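Enquirer: give me coordinates for this.
(2 chains)
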2 protein chains.
Amino acid sequence: MQIIECLQLQVLAFKQYNSPSKHFQKKDLVIHKAQHLKEKPQKDFAYTFGGISTDYMLDIDYDADNGGWKNPVIKANEPFMLDPANATLQYSIECFEGMKAYITVDKKVALFRPDMNFKRMNTSHKQLGLPAFDGDQMTECLKELVKIEKDWIPDRPMHSLYIRPTSICMDNKLGLSSVKKCKTFVVLCPVGPYYPRGFQPVKLYCDTQIVRAWPQGFGDKKIGGNYAPALKTQRKGHELHGADQALWLLHDYVTEVGTMNFFVFWKNEQGEDELITPPLDGTILPGVTRDSILTICRNKNQFKVSEKPFKIQELMKACTEKRVYEAFGAGTAAIVSPVKQFVYDNVNYEIPIDAQSGAGKLTHEILQTITDIQYGRTKGHQWNIEVCNI
Amino acid sequence: MQIIECLQLQVLAFKQYNSPSKHFQKKDLVIHKAQHLKEKPQKDFAYTFGGISTDYMLDIDYDADNGGWKNPVIKANEPFMLDPANATLQYSIECFEGMKAYITVDKKVALFRPDMNFKRMNTSHKQLGLPAFDGDQMTECLKELVKIEKDWIPDRPMHSLYIRPTSICMDNKLGLSSVKKCKTFVVLCPVGPYYPRGFQPVKLYCDTQIVRAWPQGFGDKKIGGNYAPALKTQRKGHELHGADQALWLLHDYVTEVGTMNFFVFWKNEQGEDELITPPLDGTILPGVTRDSILTICRNKNQFKVSEKPFKIQELMKACTEKRVYEAFGAGTAAIVSPVKQFVYDNVNYEIPIDAQSGAGKLTHEILQTITDIQYGRTKGHQWNIEVCNI
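Expert: The predicted structure follows:
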C-alpha cells in the first residue's frame, strides 16, 4: 500500500476534461433548404403537446477523432439512421432539455432564460462523457432556427413553440466505453395552453416502494435514464388510485412530482407563512421554472421562501391541521401544475384548491408573473431574450 | 381523508398488467433473405468485442393499438430510421441482454442458460412498461437466428458468438407516457477470448462520490439508464489512478465492479474460507454468471459460499491481514475477470494474483468449469442448450 496520488494530479485531470476543444459557433452555421414544407395548422387548431413538429431542425455532429464539433446545420426535420448497435440505444448515453419561444404582445419572438438550459445541458454532457459546448453559441444557433420557424409559433394567448434540444451518442459498438461520436439536435413543436380549459389540478401517488433518485446519484441531471423507470410508478398510481402523477419520496423526504419540481405554500410549524421546496442536494433537478419561482417570490418579500428538506409526514400533518394553503408542481411545460390531493399508504390527503379556478391564489400569481415576462407584458425583463420580429 | 383502496383492487391491477396478451411465437417466424452477405473473417482473425456484426438480425415489433406483438422477422442486420422525437432517444425506454453461442467439442452449436436472460429481460420490460413476451418462444426464435448464422461462430478455443437482445420504445412523442409501440431485436457478433494473451488482472477505483444504484431503485434491472452515467466514474478512475474499472460502493458496502458482479474468496473474520458476493437486494444485477458461479461452488462443497453484504473496510482489513485469496468480477463477456488491486481514498490495496497465470486458483477453476459446460466438454449439462450441428 502506498499513497500514489496528490491534489495536483486531480486538478490536472479535471482541467484536461474541461479544456476548451474547438466549440461549434453560430458563424459557421450552414442552412440546407428543406424540399417540402408542411402545411401549417389553421388559426383555431387545438394543439396537443408534441403532436406536430416544425419543418426544420438544428443538427450538430461531433467526432473526437476528426476535429471535434462540426459546423452546426439547420436542415429538414426528418428521421435519421441508427445502427442496432448504437450506444444510445444500448446504454442511454443521452440527455435533453425543454424550453419555449413565445410571441410577445409587441409582436416579437422571445426565448425564456436559454442560458439556464444550456448550462444544465453541459452538466448532463459532462456526466455522460459527451463533449462540452459554448452555451452562448448554442443559444445563437437556436435563435437562427427559431427565426426560420417563427411562422409556426401560434400568435394566440398561452401558446408557444416548445423547443427540445437532445444529445445522443453516435458510436456503434456493443462495448461500453468513452464517447467518440455524438450528435446534438434541436426539434420544435408548436403547443397550446397546458390547461386549455383552465387549471386541472392533479392527484399525486406516493410510492413508498420506488425511489427516483438518491444522494450521489444522477437525479440532478436531465439525462434519459432518469425518466424511463419512473413510468412504472406513474402507471401504478393511476391503476391503484386514479392518480395523475407520482410524488417522489426518499427516506420519507418529498423530492419531486412526476417530472416537475414540487412546491408547498403553508403555515409552517412555527406559524410562519412559507413557500417551501426541496433543496438542490443532488437528488433534485435544478429546474429553470423552480429557480424563476424562487426569485420571483423572494422579490415579493411577502412570506418566507425556503429551499429545505421536508418529510411527507410533515405535509400530512399540515394537511390534517389545515395549514396547507396550496401545493403545485413547476416545470417548463405547465409552468405551475396545481395539486388537489395526494395518497399515501392508501389514505387521501386534500390540498385546498379554489373550486372555480382550479388553483390557489399564489399559484395564479406565479403563473401571471412568469407569463407576463414570457409574453412581454412586463417590459424589458432580463429573462426575456428577444430573437426577432414576427 | 378516507381509505379508498383495498387489496382486491391491487390484485386486479396487477393481474391486468400481467395478463397474457398475444405473445409472438416461433411458428410465425418470417425470414427475409439478405441482399448481400459479408465476407467472413479469415481463420486466424483477431476478433475484438463488438468489432464485427453478422449478416442477419432478429426483429420483432409491437404495437399496442394494432394487435400487440407482430410476427418475428429474421432479416438483414442494417441501420433503421428513428425520428428525432423517438422516446428511446429522449427517455431511455430501453433494455438489453448479453449472452453467447458456442461451438462445442462435439461440433454442435449451443447456448448457455438462455432462459435466465429472457426471464431477466422480461423484468426489465416490466420496469419500463414494455410488453411481456414468452421467454421460451424468444429462445426458439433466437435459435433460428443462430442456426442461420452458425458459420459466423469461430470454431476456435474460447471463441464464441456474442448475442445482444435489445428492446426500445418506437413511439415518436415528446411527452413521457405509456409505451404504445416498441421493438425487440437481436444482433450477433463473433468474439474471441476476452483475454487473448491470458488473464489481464484489473485495478479497481472506489469512487466515494458516486453511487451506481440504490435500494428501491433500478440497479437490478439491465436497463440502459444504469450504464451511461457510470462512464464518468470509470474515466475518473482511469485518469486519477490508472484504474481499469470502478468498484461500486453504497454506504461503504461493496456492490458491483464496472458492469460485473463482484466476488471475494477470503478467510473471513471467523477463520473460515468463504466465497462472498453481495446479495440480490435490488441494487445488484442478478447475473447469469453470478448464479452459475454460486451453484458451481455450492456443489463443490469445499468452502463456505455466502451472498451477504460486506463493507470496503472489511475488504481493506482482510487485505492488510493477508486473508484475501482472490477477487474477481463475473459477467457474460469475461466469465471471470481477476482483480489485482483496488484504490480507496488514494491508498492502493493488493489482491494476490498468480504472477504467471494472472489469476488465482479458484478463478481458474471456475473459468474451467463454466467453459467445460459451454464448450460441451462436460457432457449433457442442463445449462448447455443445443441449437444444431455445425
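
Enquirer: tally of neighbours for residue A:371?
Expert: 18 (other Cβ atoms under 10 Å in any protein chain shown). Every C-beta, even on glycine, is put in place using the N, C-alpha and C of the backbone.

Enquirer: walk me through the domains of chain A.
Expert: Domain ranges of chain A: A:2-191, A:202-359, per automatic domain parsing.

Enquirer: now those domains as CSV including distance to residue B:48, mean neighbour count and mean pLDDT?
Expert: As requested, those are exported to CSV (distance: least, Cβ to Cβ, whole Å; neighbours: other Cβ atoms under 10 Å in any protein chain shown; pLDDT from 0 to 100):
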stretch, distance to residue B:48, mean neighbour count, mean pLDDT
domain A:2-191, 8, 18, 90
domain A:202-359, 27, 20, 95
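
Enquirer: would you format those as TSV with distance to residue B:320 included?
Expert: TSV is the format used below for the domains of chain A (distance: least, Cβ to Cβ, whole Å):
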stretch	distance to residue B:320
domain A:2-191	13
domain A:202-359	26
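
Enquirer: ok, now which ones touch the nearest residue to residue A:272 once chain neighbours are set aside?
Expert: Closest residue to residue A:272 apart from its sequence neighbours, by Cβ to Cβ, 6 or more residues apart in numbering or on different chains: residue A:304 at 5.1 Å. Residue A:304 makes contact with A:268, A:272-275, according to Cβ atoms under 8 Å, 6 or more residues apart in numbering or on different chains.

Enquirer: so which of those are in strands?
Expert: Judged by DSSP state E, those include A:273-275 as members of strands.

Enquirer: what's the span of stretch A:98-114 from first residue to last?
Expert: Its start and end residues considered, stretch A:98-114 measures 10 Å (Cα to Cα, to the nearest Å).

Enquirer: which one of the ones in strands among the contacts of residue A:304 is nearest to residue A:222?
Expert: Using Cβ to Cβ, residue A:275 comes nearest to residue A:222 of the ones in strands among the contacts of residue A:304, at 23.8 Å.

Enquirer: just checking, that closest one touches residue A:306?
Expert: Yes: look at residue A:275 against residue A:306 with Cβ atoms under 8 Å: they come within range, at 7.1 Å.

Enquirer: who does the one helix or strand residue A:61 maps to pair up with?
Expert: Assigned by DSSP states H and E, residue A:61 belongs to strand A:56-63. Strand A:56-63 has the following strand partners under DSSP bridges: strand A:68-69 (antiparallel), strand A:73-76 (antiparallel), strand A:181-191 (antiparallel).

Enquirer: off-centre distance for that strand?
Expert: Averaging C-alpha positions (Cα atoms, centre = their mean, to the nearest Å) puts strand A:56-63 21 Å from its chain's average.

Enquirer: contacts for it?
Expert: Residues contacting strand A:56-63 (Cβ under 8 Å, 6+ apart): A:24, A:34, A:68-78, A:130-131, A:133, A:141-142, A:144-145, A:148-149, A:170, A:180-188, B:84.

Enquirer: now do stretch A:145-152: everything it contacts.
Expert: Under the criterion Cβ under 8 Å, 6+ apart, residues A:31, A:40, A:54-58, A:74, A:101, A:109, A:111, A:161, A:163, A:186, A:188, A:190, A:387-388, A:390 lie in contact with stretch A:145-152.

Enquirer: and for residue A:368, the neighbour number?
Expert: With neighbours defined by other Cβ under 10 Å, the count for residue A:368 comes to 12.

Enquirer: and the contacts of the helix or strand it falls within?
Expert: Element membership for residue A:368 (DSSP H and E) is helix A:361-374. Contact partners of helix A:361-374, identified using Cβ under 8 Å, 6+ apart, comprise A:100, A:102, A:104, A:110, A:112, A:158, A:160, A:199, A:265, A:275, A:289, A:292-293, A:296-297, A:325-326, A:328, A:335-336, A:338, A:354, A:357, A:359, A:377-378, A:381, A:383-384.

Enquirer: what are the boundaries of the helices in chain A?
Expert: For chain A, the helices defined by DSSP state H cover A:7-18, A:87-91, A:114-128, A:135-148, A:231-241, A:288-300, A:312-320, A:361-374.
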